[in-house]
Structure formats: structure tokens, C-alpha cells
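J.: prediction below, plus the sequence it came from.
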Amino acid sequence: MERIYFACGEKKAVLYGSEQPAAPLIILNHYSDDGESVLMEMQKLHAPDCSLLVVGNLNWNHDMTPWYCPPLSKNDSPCTGGADEYLDLLLTEILPKAKELTNGTPAFTGIAGYSLAGLFALYAAYRCDAFDRVASMSGSLWFPDFKEYALSHEMCRRPSKLYLSLGDRETHTRNRVLMTVQQNTGELADHYRGLGLAVTWELNPGNHFKDSALRTAKGIKAILA
């Protein structure tokens, strides 16, 4: 698998390019590293072949959030709602560059993310028609007013496959905002099924931080299958 690094502005990306022509392209917005840990888990799971574009050096609480959200705790930082701005960069610069570097036109393009990036992946489906498949792993669907937004708006393109997951202990918190995440995710899964979407909704053992690379790989595998 070819590995190509490039940058667009302050964002850094690495494309793990498939050798197969027209392999699907999956966009993974990632918090900390170049996504190699996710790629290794995908290989262990024998995930279908794809090109994986990992975008990093993100301003996490800005780029991945759709609107302002105050700090959830005394030591937390606010979310400042830069998702539309980042999505424009993704669609106009990062994604076209990645497609130039892939082996042929991708069979389809999907988007995936963990935590706030899982929220962003789902939000992106409401803001553009660029992604045919969506995976939101431990997605921050507790985000204030997002469930209501999702239930009252139409997706620009209904994904042919949608994967949602959480850890089964993510609701074990005293924070009244965070504890809504499982209920919100379940309600949205039911809503999307009602629209006729192919939805996979999965609970994994552990809290929000357990096995993030493995959970991410499972979600990507699910939308590739």
C-alpha cells in the first residue's frame, strides 16, 4: 500500500493508497496521529480493500463542531463551531487532491470519524452530497441540539450505508449532557431506519476511550462491506 503525505493549509493528510484501480476512498478525520493504528486494526479485521485518507492537525473543538457549545466542565474548552469552514476546505482542496492521487476514480467515497469527528461525519451528510457512506464511532451525538437538527433536516445525500457505535459505559457519567449520548444515538438510528437507510447500530464494551482504533476500524469495515 502506497503512503503519500501532503498538506492543505495547516491540515496534514496521509493517503494510504490502494493498488487496486477504483478502490473506495474513505476519509478519516483523526485526532492524534497519522491513523496507522486504525489501518493496522483494519488489516487484522480483514476489511475490504480501500484507499484511506487520514486528515490530522485539526483544531478539534473548532473544525469538528457545527455550532458553539460552552465548556462541559470547569477544565474543558468550548466548542466553537467551525465545521462548515473545515468542510469547505475538505471539499475544495483536500478531497480533490486525494482523488488526484488515487489509482483511478474511487467506486465511492465515504467519511468516518471517532468522537467529535463522528459527529462531523454525520453532520457532513446534511451539508454536502460528497459522501455515499458514513461511519460515526462513539460519535458525540450528545452535542446540544444536534439530534433535533438531524431529525428536522434532510440529508443532502442519503448514505447507502450508515454505521453508528458507542461504548456501553459512555453513559456512566454525572454530566447531564454527555449521558444523553446513547439515547440520542439510538433515536437517530431508528429515525434513519425509518427513512429506509441501511443502518448498523452497535454497542462495544467499555467507555469512550477504550479500543478507539479497533472501534474505528470496525466502523470503516462495516461501510466497506
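T.: Structure's in. What do you need?

J.: residues making contact with stretch 12-24?
T.: Residues from elsewhere that reach stretch 12-24 (CB atoms under 8 Å, 6 or more residues apart in numbering): 1-7, 34-35, 39, 48-57, 94, 97-98, 101-110, 224. For glycine as for every other residue, the C-beta is placed from the backbone atoms N, C-alpha and C.

J.: in that stretch, what counts as buried?
T.: Buried residues in stretch 12-24, defined by neighbour count with 16 or more other CB atoms under 10 Å: 13-18, 23-24.

J.: returning to that earlier point: among the contacts of stretch 12-24, the buried ones, what's the ChimeraX command?
T.: Buried members of the contacts of stretch 12-24 can be picked out in ChimeraX with the line below, counting by 16+ other CB under 10 Å:
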select :6,34,35,39,50,51,52,53,54,55,56,94,97,98,101,102,106,108,109,110,224
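
J.: quick one, phi psi at the nearest residue to K147 once chain neighbours are set aside?
T.: Nearest residue to K147, sequence neighbours excluded (CB to CB, 6 or more residues apart in numbering): N184, at 4.5 Å. Dihedral angles of N184 (phi, psi; degrees, to the nearest 10) stand at phi -60, psi -40.

J.: just the contacts of stretch 12-24: which are in strands?
T.: Judged by DSSP state E, the contacts of stretch 12-24 include 2-7, 51-56, 109-110 as members of strands.

J.: mind listing the helices for the protein?
T.: Assigned by DSSP state H, the chain shows helices spanning 36-44, 60-63, 83-89, 95-101, 116-127, 146-152, 181-194, 212-224.

J.: now those helices in JSON lines, with distance to H30 and mean pLDDT?
T.: Converted to JSON lines, those look like this (distance: least, CB to CB, whole Å; pLDDT from 0 to 100):
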{"stretch": "helix 36-44", "distance to H30": "7", "mean pLDDT": "96"}
{"stretch": "helix 60-63", "distance to H30": "10", "mean pLDDT": "97"}
{"stretch": "helix 83-89", "distance to H30": "13", "mean pLDDT": "98"}
{"stretch": "helix 95-101", "distance to H30": "14", "mean pLDDT": "96"}
{"stretch": "helix 116-127", "distance to H30": "7", "mean pLDDT": "98"}
{"stretch": "helix 146-152", "distance to H30": "21", "mean pLDDT": "98"}
{"stretch": "helix 181-194", "distance to H30": "20", "mean pLDDT": "98"}
{"stretch": "helix 212-224", "distance to H30": "8", "mean pLDDT": "98"}
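
J.: beta partners for the most centrally placed residue in the chain?
T.: Centroid-nearest residue in the chain: G113, 2.3 Å away (criterion: CA atoms, centre = their mean). Per DSSP bridges, the residues bridged to G113 are N29, S136.

J.: and the gap between F120 and A22?
T.: 26 Å (CB to CB, to the nearest Å).

J.: now A83
T.: Counting by CB to CB - A83 and A22 are separated by 30 Å.

J.: same thing with M179?
T.: From M179 over to A22 the distance is 44 Å, taken as CB to CB.

J.: do P78 as well
T.: As for P78, its distance to A22 is 42 Å (criterion: CB to CB).

J.: same check on V55?
T.: 22 Å.

J.: returning to that earlier point: need the worst-confidence member of the ones in strands among the contacts of stretch 12-24.
T.: The pLDDT minimum for the ones in strands among the contacts of stretch 12-24 sits at E2, where the score is 84.

J.: quick check: closest non-adjacent residue to that residue.
T.: Spatially, and ignoring its direct neighbours in sequence, E2 is nearest to G17 (4.2 Å; CB to CB, 6+ apart).

J.: all set, thanks.
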